[in-house]
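S.K.: Next one to model:
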Amino acid sequence: MLDTRSHAERRLFGLFFCFLFVIAVALSLFGSLLPFPSGGFSIQRSFLCVLIVLLGVLGAWAFLATPGFIEENLWPLTMVLSIGGLIFAHAFISNSHFRWIEPGLYVGFLGCIVLFGGLLGKSLSLKSLLEPMSVILGACVALYGAMSLNYYGFSLSDRDVKIADHLPWGFVNIRYWSQVATWLLPLLPLALINGLARRSRLWVLLVVLGGAIWIWMILLSSARGTVVSLLVGTVCAFVIFRHAVLPWLKLFGLLLLCGGIFWLVLSGLMPALLGVSFEGRELSIGSSGRWVLWQEAFAMSLQSFPFGQGPQAWLTHEPLTEAYRGSKAFGHPHNMYLMWAAEYGWLVVCLIFGMFAWMAHRLFKLRNLMGVNARSRDEVVLCGVTVSVASALCHASISAVFVAPASMLIGLFVLIVFYAMLQSPQSALNKGRSGMVRRYPAWTFCCLFIVSAMSLWWLSGVYQYHQAMVRDLPVYLEQPANAYFPRFWYHGYFPRTDTP
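M.R.: You can find the predicted model right below:
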């Protein structure tokens, strides 16, 4: 039995995590519409960096102050340290002024998942945490869907409208929205089984309508990556959980059905009745130029095999393939694994796949523990989070899921919760934890001070990188036929070979 103080601390900790989740979802969906002087992309990236530092320091505290933490998380901690060592090794030998920034982002991202996910799984009941998170998710998805319908209504006032130019709104690129959709849509059934859903039919209606509008926009914008990734994620969940995936699939199928109805009505019936020429985004069956980028990234990865060519080498390297020399350049090759192989080496990619294998192993253990005694609600939660993660990891093979800040913000929270579910499967999903066992020797505070100081130093480098990018932007855009190369910042083609 936990004492009152411990219970209050856990409640405060859960509220703090949900508060950060609200900000992350709001910035991801609505950040480009808010009047930030540096733009939505930059504010999303800046908040992501601050969030990684904040959660990383709290996770490091758990790592240092909790007995048994290392033993329970030994394999993923070993993977993160190995990946971090290989990535940071490139920064030591790089000549770039900002060589620590992007490596720090990826190492911090992985570290947060393991350290803070371990803290979360040890100190909180995931059932009590996922309840408010599902409400936040459902409300934001419904609000975004309602405002999208508003944009749709105004767009119909034009006699000849290409609706794909208006929806999805708030994102400079359809790919950025589709990446967020890949993370969020599999989680939407969780909002249909929470306590609010049992008390209010209006809430169920709002969530279903919001999810249906998102499905309609996926069909409208021909977001092939999201469709394929969700299919792959669902198949993965079925392979792991078999019949246990059916409760989640029924709820998700309801969203798909309503989304299809919305597509027929809003994209077909309404424009026909109003006599409006209504066009969505054209569906392409080709690779949209990705094959050329993948060939170039693979050729890069073989140049310094198996170690890669260093942080952001994709931006500054000399083209290796004839096809890439004559094609449009991008800030990334639209494949995260090939990009990491090209810049950080195949050893890093193999270690990342090793973490995937560990997660799959834990999922099988969790499935066996649940067995026939699992409740339908637990199955929906576990399958929903699993499909979200599996779909996003698949989507990363054809898009910049772990480059775009909106996707990384949502993904950080989903992966933290996913890791918390896996790191102590013997506790099951709906049981309370035994609480944190505290010890605060002097060396713990010393190590925590060092971690905090290094994090603040990295954040100062992020700020300096942003200021340098802002100063370089007018110079870059003065040159003819130059376009944005989104990477760390929206003007991501910096530093270049022609910049200091």
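S.K.: Poorly predicted segments of the chain, please.
M.R.: Applying pLDDT under 70 to the chain flags residues 1-7, 9, 37-38, 124-125, 158-167, 276-288, 371-376, 424-443, 480-482, 497-500.
S.K.: just the strands in it please.
M.R.: 160-162, 277-279 (DSSP state E).
S.K.: show me the contacts for the most centrally placed residue in the chain.
M.R.: In the chain, the residue lying closest to the centroid (C-alpha atoms, centre = their mean) is residue 411, at 2.4 Å. Counting by C-beta atoms under 8 Å, 6 or more residues apart in numbering, residue 411 touches 183, 392, 401, 402. C-betas here are computed from N, CA, C, even on glycine.
S.K.: which of these has the most neighbours?
M.R.: residue 401 (29 neighbours; other C-beta atoms under 10 Å).
S.K.: Verify the stated contact: that residue with residue 392.
M.R.: Yes. With contact defined as C-beta atoms under 8 Å, residue 401 reaches residue 392; the gap is 5.7 Å.
S.K.: what's the overlap in contacts for these two?
M.R.: With C-beta under 8 Å, 6+ apart as the test, residue 401 and residue 392 both reach 179, 182, 407, 411.
S.K.: among these, which two are most distant?
M.R.: Largest separation among the shared contacts of residue 401 and residue 392 by C-beta to C-beta: 182 and 411, giving 9.3 Å.
S.K.: Now for these two: what residues contact both?
M.R.: 392, 401.
S.K.: Could you name the helices and strands sitting against whichever helix in the chain runs longest?
M.R.: Using DSSP state H to define each element, the chain has its longest helix at helix 442-478. Secondary-structure packing of helix 442-478 (3 or more C-beta pairs under 8 Å, 6 or more residues apart in numbering; DSSP states H and E): helix 40-65, helix 101-123.
S.K.: Flag every buried residue along it.
M.R.: For helix 442-478, a neighbour-count test (16 or more other C-beta atoms under 10 Å) marks 447-448, 451, 455, 458-459, 461-462, 465-466, 468-469, 472-473, 476 as buried.
S.K.: So which of those is the closest to residue 225?
M.R.: Closest approach to residue 225 among the buried residues of helix 442-478 (C-beta to C-beta): residue 469, at 27.5 Å.
S.K.: didn't the closest one look like it was pressed against residue 486?
M.R.: No. With contact defined as C-beta under 8 Å, residue 469 does not count as touching residue 486 (11.6 Å).
S.K.: hang on, the earlier thing: next, format the helices and strands packed on helix 442-478 as CSV and append distance to residue 362.
M.R.: Shown next, in CSV, are the helices and strands packed on helix 442-478 (distance: least, C-beta to C-beta, whole Å):
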stretch, distance to residue 362
helix 40-65, 18
helix 101-123, 11
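S.K.: do you know which of the ones you listed lies nearest residue 208?
M.R.: Nearest to residue 208, of the helices and strands packed on helix 442-478 and by C-beta to C-beta, is helix 40-65 at 28.2 Å.
S.K.: first to last residue in stretch 32-48, what's the distance?
M.R.: Stretch 32-48 has an end-to-end distance of 15 Å (criterion: C-alpha to C-alpha, to the nearest Å).
S.K.: Go ahead and name everything in contact with it.
M.R.: 23-24, 27-28, 31, 105, 169-172, 405-406, 408-409, 412, 462, 466, 470, 486, 488-490.
S.K.: Going through these, which ones are buried?
M.R.: 24, 27-28, 31, 105, 169-171, 405-406, 408-409, 412, 462, 466, 486, 488-490.
S.K.: I'd assumed residue 216 was in contact with residue 266.
M.R.: Yes. Using C-beta under 8 Å, residue 266 makes contact with residue 216 at a distance of 6.2 Å.
S.K.: Show me which of the two is the more surrounded one.
M.R.: Legend: neighbour count by other C-beta under 10 Å for residue 266 and residue 216, higher for residue 216 (26 against 20).
S.K.: ok and the longest helix of the chain relative to helix 101-123, angle-wise?
M.R.: 140 degrees (axes from the mean of the first three to the mean of the last three C-alpha atoms, to 10 degrees).
S.K.: quick thing: my sequence starts at 8, can you match it?
M.R.: Got it, the first residue is 8 from now on, which makes the last one we talked about helix 449-485.
S.K.: Return the residues in contact with residue 460.
M.R.: Residues near residue 460 by C-beta under 8 Å, 6+ apart: none.
S.K.: Can you give me the distance of it to residue 94?
M.R.: 20 Å (C-beta to C-beta, to the nearest Å).
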